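S.K.: here is a sequence with its predicted model. Questions after.
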Amino acid sequence: MVWDPERFRRLEREVAETLAGNRPMKDSPYYIYLYHPRDEAETIENFTNLASRIKKTYSAETIWLSDILRDTIRLLGLDKPGGWEIERDRRDEVERDLRRVLPEEITRRLKESLRDKETSHCAILLRYGSLLPFVHLKSLLPSIEGVVRSTLVIPYPGEEVGRPLGLDPAEVGGYYRAKVI
């Protein structure tokens, strides 16, 4: 998969139609944009620019999921000097903690920051790949559904939702109500 400007323009058009209220959404207005992980820098640049363009007409923001990951690592105390070395003996426990705490923290923060926003607000969730394999769309999106009504755009590093490069698709899973572009 190579960066596809036409597919990105199609995403931008569909998001704009949703923000304008011209695209009836039966379910949650969530969009997932697939890209190859080697295009991470270009993806971040394009989506940051997209947020800037949207802000000219609508409300929009970027949410860096990697920042939430960093904050969660602090919460678990792994950011302290020697934190990773001390935990090396307990790697399985740390992984279980991240799989449990990280989705809860992301859900809490998304609900908190987007609770009062409507479909006419766009939130672009950047750096989703930093959460893998600890957070999966199949559990994250349903956990915010009904509370987060804003339009969500999630750049997803992989060939198909539920199949990021190098990960077992059974581990990840997609979200059937999101539109994949």
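M.R.: Yep, that arrived. Residues are numbered from 1 along each chain as shown.
S.K.: assess the claim that I54 and E61 are in contact.
M.R.: No: at 9.3 Å, I54 and E61 do not qualify as touching, with contact defined as Cβ atoms under 8 Å. Any C-beta I mention is one placed from the backbone N, CA and C, and that applies to glycine too.
S.K.: what residues are shared contacts of those two?
M.R.: Each of C122 lies in contact with both I54 and E61 under the rule Cβ atoms under 8 Å, 6 or more residues apart in numbering.
S.K.: looking at the two, which one has more neighbours?
M.R.: Counted by other Cβ atoms under 10 Å, I54 and E61 do not tie: I54 has more neighbours, with 21 against 16.
S.K.: secondary structure element for the more buried one?
M.R.: Element membership for I54 (DSSP states H and E) is helix 40-55.
S.K.: and that helix, what does it pack against?
M.R.: Counting contacts by 3 or more Cβ pairs under 8 Å, 6 or more residues apart in numbering; DSSP states H and E, helix 40-55 packs against helix 5-19, strand 59-64, strand 121-126, strand 151-157.
S.K.: how much distance is there from the second one to the middle of the chain?
M.R.: Right, strand 59-64. 11 Å (Cα atoms, centre = their mean, to the nearest Å).
S.K.: toward the C-terminus, what is the element adjacent to the helix or strand of the chain with the lowest mean pLDDT?
M.R.: Ranked by mean pLDDT, DSSP states H and E, the helix or strand of the chain with the weakest confidence is helix 169-172, at a mean of 40. As assigned by DSSP H and E, the chain's next helix or strand after helix 169-172 is strand 179-180.
S.K.: quick one: average pLDDT of that following strand?
M.R.: Strand 179-180 shows a mean pLDDT of 84.
S.K.: and that strand, which strands flank it?
M.R.: Strand 179-180 has the following strand partners under DSSP bridges: strand 30-35 (parallel).
S.K.: now the angle from the partner strand to strand 151-157?
M.R.: Counting by axes from the mean of the first three to the mean of the last three Cα atoms, to 10 degrees, strand 30-35 lies at 20 degrees to strand 151-157.
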